[in-house]
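Enquirer: Sharing a model that was predicted from the sequence below.
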Amino acid sequence: MVADATRVQAPAPARGLGRGPVLCRHCNLVVPPGLINSSRADQFCCHGCQTAYSIIHTCRLERYYELRQQLDDRAPAPGTDRTYNDFDDDTFRRLHTRQIGPLIRCELFLHGVHCSACLWLIERLPRMVKGLVEARLDLRRGIVDLAWDDRVVRLSQIVRTLASIGYPPQPARDRKSRAHRVAEDRRQLVRLAAAGAIAANVMLFALALYAGIFDAMEPAHRTMFRWLSMVLTVLSLAWPGAVFFKSSWVAIRTRTPHIDVPIAFALAAGGLWSVFTTIKGSGEIYFDTVSVLVFALLAGRFFQSRQQRASADDVELLFSLTPSSARRVEGDATRDVPIESLQPGDLVQVLAGDSLPCDGEVDSGDSLIDESLLSGESRPVRVTPGDRVAAGTLNMSAELFVRVQTVGEATRVGQLMRLVADGAQRKAPIVRFADVVGAWFTLGMLALAEFTFGLWLWLEPRHAVDHAVALLVVTCPCALGLATPIVITIATGRAARRGMLIKGGDVIQCLSTPGVMILDKTGTLTTGGLALVAWHGDDSVRALVHAVESTSSHPVAKALARDLSDPSATPLCLARTNQVLGCGIEAVAAGRRVVIGSLSFVSALARVTLEHADLARRWAAEGITPILVAVDGVSVALAALGDGIRPEARATLDELRRRGWQLRIASGDHQDVVTRVGSALGFTLEDCLGGLSPEAKLALVERTKASLDPRSGRRLVMVGDGVNDAAALAAADVGIAVHGGAEASLAACDVYLSRPGIGSVLELLDGCARSMNVIRRNLWISLFYNTIAAGIAVAGLLNPLIAAIVMPISSLSALAVSLKSRTFADQRSQPVLHPGSRP
Amino acid sequence: MSVLFIVVPLAVLLAAGGVLAFAWAARTGQFDDVDTPAERMLHDE
């Protein structure tokens, strides 16, 4: 399969020479021996790849190779040997396909779609599959829309072809909510266009009216422009601007303060007063200000919601948690069926390497289950008939037959997702700093304009109107309304390019000041898998252990084989091995009898020294798994497996503490393990909380959040990766999900870091602090400029025409400052961190 | 200058036409996916 070929990690090329296949630097395919040029650092499989690489290299776009690997990491729920026959099932057809004329259409979510070449390949699919009429890909969302003739080809055939060219598909299951989102996007766009067109026209009328003040405009023309402005502005308030009135009405009714209230008030005041003066035939009108304000506010919101929409689409990935099909046992055979058609009481087969499709009870089989998705526990759990297993967990070592109890929404994982959705809904919106300033600014300026008008009516009635208008024009809120969303849009865009997906602008505000940070352990502070954390005893047997453990697929054996591999060692020959599940392995290697395994297993087969037995018991008490190694009947070494601490964790945490963040660990893992990791990372004992269920994590987050004073600006940030953190991520002020865990956390979080570990958290905080500074600076520039201009206007030294010329300068300067500002670094640079020592 | 009484409303109607055309385009999904067509046209044979 192509996907497998591209997923091979690029090794440092020159070192690849002489051992193992040499891979092409560009496409990662194996380089034919004849083309290997040992004088070059990089090897290529063909001239085309070499040219492509040199172009990419010359343009300094090497990040492409990195991006490609990041994208390739997102795999669907693990499955083996998919036949995709479930795509032909009646239930699947009813749920996911629709008949249009003679053709059947279906939308599928594809993994691994990321570039123009993918688009080309997928849209050429009808040439490969007879009967497939059309394949249209939405590149950004990775959704393909297929139309085929059911009499000629079956969906499973099309899907198998897609999978064979490297794009494993799954049904796009949230079609309804996506259709809803698309409809809302369209409405928003139409509203924005209407508001923009109205604002532009009313501005033109206003310009004509200002100019008319000097040229003695005919009263009839003046009346016409005023009435036209009124009609258009009332339209703008009633149609696009209605969103502000609706949401502020809700806010007033539910007594929750909301930014839309002062905005709606300003709009209503400006509009009503102008309608009154228009009908009266004399007095000032503010239609231009009102309609431009509607447009500017809608535009700001549009930019932000586009950003959010891009991440909302990633919710698709949620469905990679549980597989979309199951192998149902029917009589003597098994059949692939979509999980929607599973009934309680059905028996399903789960092969090693598959994730479980349902909650249920093991009927037969004996295997290890990785439950880290739900519990955060890094060690696999052994299950035997009668044990309960949960959907979404991973079957690691042997085939299992599971009696279905619940499917879909009702499963543990489904309920957890429910909690996530609730948490996200309950979260009160954070009043945006810039919106508050903008709303009060507008109200203030309207009041000031009335004051100026009154003042000059008393001083010099003839010029009262001019001065009030000049004030309103020169203090047009465009700079305020547009500059902030633009800073946020640029900052989130740059952050996204650096692998930090920020979903909302308010995150930037929240992360710019230190607060309380609750961190998950497994996968966030630690690597999440088993790793060799200590070695005691004879180093010379490491190669022996490596050779023996390489033969086993048990997770402990795999971890040992990986961490003990030494490329300089010569391979040892193995004579015979005997594995006992859950205990250890016995083998003859290089003529020596080797026993590797748990204390009880090894002491039954060899003599264990007192020192080794003691150390093994001590390690076990600390929460790490001791593995004894005995050679020729005597124990010689002791390896310890645990969840390895990420190298950058210590330095990052110390830096966070230095900046005033208050840190805590909350983990689902055993308390002893959490304490061990926590103390290695400088946490005090009371800040290491272990044994927390997902619900307990949620409660902890809500309790801590309630204890923070909202006025202090201190926020609660949750950093986590797994499904067990998802509810807590959603409930926190800011939830940061780190790469490597379940994609479910993507749906729950406010920020998604695509690099594993917490190293990029610092970079995120720096970027947010800088962005917030730029926003503040913009507002100050704008406020400063407007105050001076307002002062001049109140003093009657500014006429409307000059004001109309000066006004855009403030907007442009604010825009220029925003565009040039350094928020998130453009270049790729890693914060300098000193790798901490492993315990 | 009484021509203004015809021309200015006409201009507003023209703008309204533009907005309606845009609304039609948006509602029929022309702006739903703005990234893919840009790539697709590079491959059209």
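Expert: That came in fine, so what should we check first? Bear in mind that the values here come from a model prediction, so they are computed numbers and not experimental data.
Enquirer: how is chain A carved up into domains?
Expert: A:2-73, A:85-173, A:179-312, A:324-410, A:435-498+A:773-824, A:500-525+A:646-754, A:529-645 (automatic domain parsing).
Enquirer: okay, those domains, which one's buried deepest?
Expert: Counting by mean count of other C-beta atoms under 10 Å in any protein chain shown, domain A:500-525+A:646-754 has the highest mean neighbour count of these, with a mean of 22. The C-beta positions use only the backbone N, C-alpha and C, and glycine is treated the same way.
Enquirer: what about that one, start to end distance?
Expert: In domain A:500-525+A:646-754, first residue to last residue: 6 Å (C-alpha to C-alpha, to the nearest Å).
Enquirer: I'd like to check which residues are in contact with B:Ala16.
Expert: Shown in contact with B:Ala16 (C-beta atoms under 8 Å, 6 or more residues apart in numbering or on different chains): A:Ala197.
Enquirer: Let's verify it: helix, strand, or coil?
Expert: Counting by DSSP: H, G, I helix; E, B strand; the rest coil, the backbone at B:Ala16 sits in helix.
Enquirer: ok, back up a step: can you redo the domains of chain A as TSV with mean pLDDT and distance to chain B?
Expert: TSV is the format used below for these (pLDDT from 0 to 100; distance: least, C-beta to the nearest C-beta, whole Å):
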stretch	mean pLDDT	distance to chain B
domain A:2-73	62	16
domain A:85-173	83	4
domain A:179-312	82	5
domain A:324-410	84	24
domain A:435-498+A:773-824	74	14
domain A:500-525+A:646-754	82	17
domain A:529-645	80	36
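Enquirer: Out of those domains, which is closest to B:Thr36?
Expert: Nearest to B:Thr36, of all the domains of chain A, is domain A:85-173, at 4.3 Å by C-beta to C-beta.
Enquirer: The stretch 51-200 of chain A: strands as residue ranges?
Expert: Using DSSP state E, counting those that start in this stretch, the strands of the stretch 51-200 of chain A run over A:97-100, A:103-110, A:132-138, A:143-149, A:169-171.
Enquirer: Which strands or helices does the helix or strand of chain B with the lowest mean pLDDT pack on?
Expert: Across the helices and strands of chain B, mean pLDDT, DSSP states H and E gives its lowest value to helix B:36-43, namely a mean of 78. Of the remaining helices and strands, those touching helix B:36-43 by 3 or more C-beta pairs under 8 Å, 6 or more residues apart in numbering or on different chains; DSSP states H and E are helix A:116-123.
Enquirer: residues in contact with the helix it packs on?
Expert: Taking contacts as C-beta under 8 Å, 6+ apart, the residues outside helix A:116-123 that touch it are A:110, A:112-113, A:135-137, A:139, A:144, A:162, A:165, A:167, B:36, B:39-40, B:42-43.
Enquirer: farthest pair in those residues?
Expert: Greatest spacing in these, by C-beta to C-beta: A:Leu162 and B:Leu42 (21.9 Å).
Enquirer: and A:Thr322, what does it touch?
Expert: Neighbours of A:Thr322 in contact, by C-beta under 8 Å, 6+ apart: A:77, A:339, A:355-357, A:391-392, A:411, A:413.
Enquirer: farthest-separated two in those residues?
Expert: Pairwise distances across these peak at 13.4 Å for A:Ala77 and A:Thr411 (criterion: C-beta to C-beta).
Enquirer: Show me which residues of chain B sit near chain A.
Expert: Contacts of chain B with chain A, taken as C-beta under 8 Å from any C-beta of the partner chain, map to B:1, B:4-5, B:8-9, B:11-12, B:15-16, B:18-19, B:22-23, B:26-27, B:29, B:31-33, B:35-36, B:39-40, B:42-43.
Enquirer: Where does pLDDT dip in chain B?
Expert: Within chain B, the set of residues satisfying pLDDT under 70 comprises B:1, B:43-45.
Enquirer: about what we covered before: helix A:116-123 and the least confident helix or strand of chain B, what's the angle between them?
Expert: Angular relation of helix B:36-43 and helix A:116-123 on a 0 to 180 degree scale: 80 degrees, by axes from the mean of the first three to the mean of the last three C-alpha atoms, to 10 degrees.
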